[in-house]
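Student: Build the 3D model from these lines:
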Amino acid sequence: MYLFLGNLSCLETSFTSTILPRVLASLLTGDRNISVTGCITQFHFLGLFLGVECYLLALMSYDLAICKPLHYTGLMNSKICLQLAAVSWMSGFMIITIVTCLMSQLHFCGPNEINHFLCDFTPVIKLSCTDTSLITLVTFILSSIYTLPLFLLTLASYICIISTILRIPSTTGRRKAFSTCSSHLIVVTIYYGTLIIVYMFPDTDTLRDLNKVFSLFYTVLTPLVNPLIYSLRNKEVKVALRKVISNVWSL
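Tutor: Residues are numbered from 1 along each chain as shown. Predicted structure coming up:
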């Protein structure tokens, strides 16, 4: 779990660094210009980190769902964890590279104003003056393959976790476990739900403005809340954090 938490921490630090500095610079300076190359590059890293996080959240929920301690070391040893983490990064990279290559072949000769605060898929391809049916179809298929199965795997894992919690004889133990589990599940549902709406639902006038709000959920809210849920609620992390703070103050 700590290996996956380390990957998630690195991932979300990179994720927010891809988007928020550019947004803050635009708000402070008023300069909202970005080149086509810069826009496609931002989209590439945005898609990469989104895809990897989908995979990591599913792996972490599966890791939590192994409710038989004697089987745990056989199912999730260090080698398997490293391989799963590597597969999540490689699969995310391969999928977004396909979409980015198709996007780089588009021609942009018409309107040059993106109706969004970041270079997301739909706002960018709407500016193209060439046929976008192929890239739209490919992106829909890849999003369906990558998002829905992982979301269903995550839900199945949490069903196993909840069924195990219900068998805990202590009321206090059940309450504490439900508190942590429900927080995980709420954030994961918000993350997958907003991604499915933004990338798989048809682009309509009603959803166009809502998609900006939904984008805030997976670009800002989830990276903000995940450290609180996965780390700061952990006693060992709290102790380590107190030691770091006390060492800093002692200097």
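
Student: Measure how far the host helix or strand of residue 149 is from the centre of its chain, please.
Tutor: Using DSSP states H and E, residue 149 maps to helix 133-165. The chain centroid and the centroid of helix 133-165 are separated by 12 Å under CA atoms, centre = their mean, to the nearest Å.

Student: Next secondary structure element downstream of that helix?
Tutor: The first helix or strand that comes after helix 133-165 along the chain, using DSSP H and E, is helix 171-200.

Student: Can you list the buried residues in that next one?
Tutor: 177-178, 180-181, 184-185, 187-188, 190-192, 194-196, 198-199 (16 or more other CB atoms under 10 Å). For the C-beta atoms, the positions are set from N, CA and C on the backbone; glycine is no exception.

Student: tell me what the next helix or strand after that helix is packed against?
Tutor: As assigned by DSSP H and E, the chain's next helix or strand after helix 171-200 is helix 205-216. Under the contact criterion of 3 or more CB pairs under 8 Å, 6 or more residues apart in numbering; DSSP states H and E, helix 205-216 touches helix 171-200.

Student: Run the chain-centre distance for the helix it packs on.
Tutor: A distance of 13 Å separates the centroid of the chain from that of helix 171-200, by CA atoms, centre = their mean.

Student: Which residues in stretch 197-217 does the neighbour count mark as buried?
Tutor: 198, 199, 211, 212, 214, 215, 217.

Student: out of these, who's nearest residue 116?
Tutor: Checking those against residue 116 by CB to CB gives residue 212 as the nearest, at 6.1 Å.

Student: Could you grab the helix/strand/coil label for the nearest residue to that closest one once chain neighbours are set aside?
Tutor: Counting by CB to CB, 6 or more residues apart in numbering, residue 212 lies nearest to residue 116, which is 6.1 Å off, once chain neighbours are set aside. Following DSSP: H, G, I helix; E, B strand; the rest coil, we place residue 116 in the coil state.

Student: quick one: the host helix or strand of residue 40 to helix 205-216, angle?
Tutor: Per DSSP H and E: residue 40 is located in helix 36-65. Per axes from the mean of the first three to the mean of the last three CA atoms, to 10 degrees, the angle that helix 36-65 makes with helix 205-216 is 70 degrees.

Student: Checking residue 106 next. Helix, strand or coil?
Tutor: Residue 106 - assigned by three-state DSSP - is coil.

Student: can I assume it is in contact with residue 126?
Tutor: No: in this structure residue 106 lies outside contact range of residue 126 using CB atoms under 8 Å: 10.7 Å.
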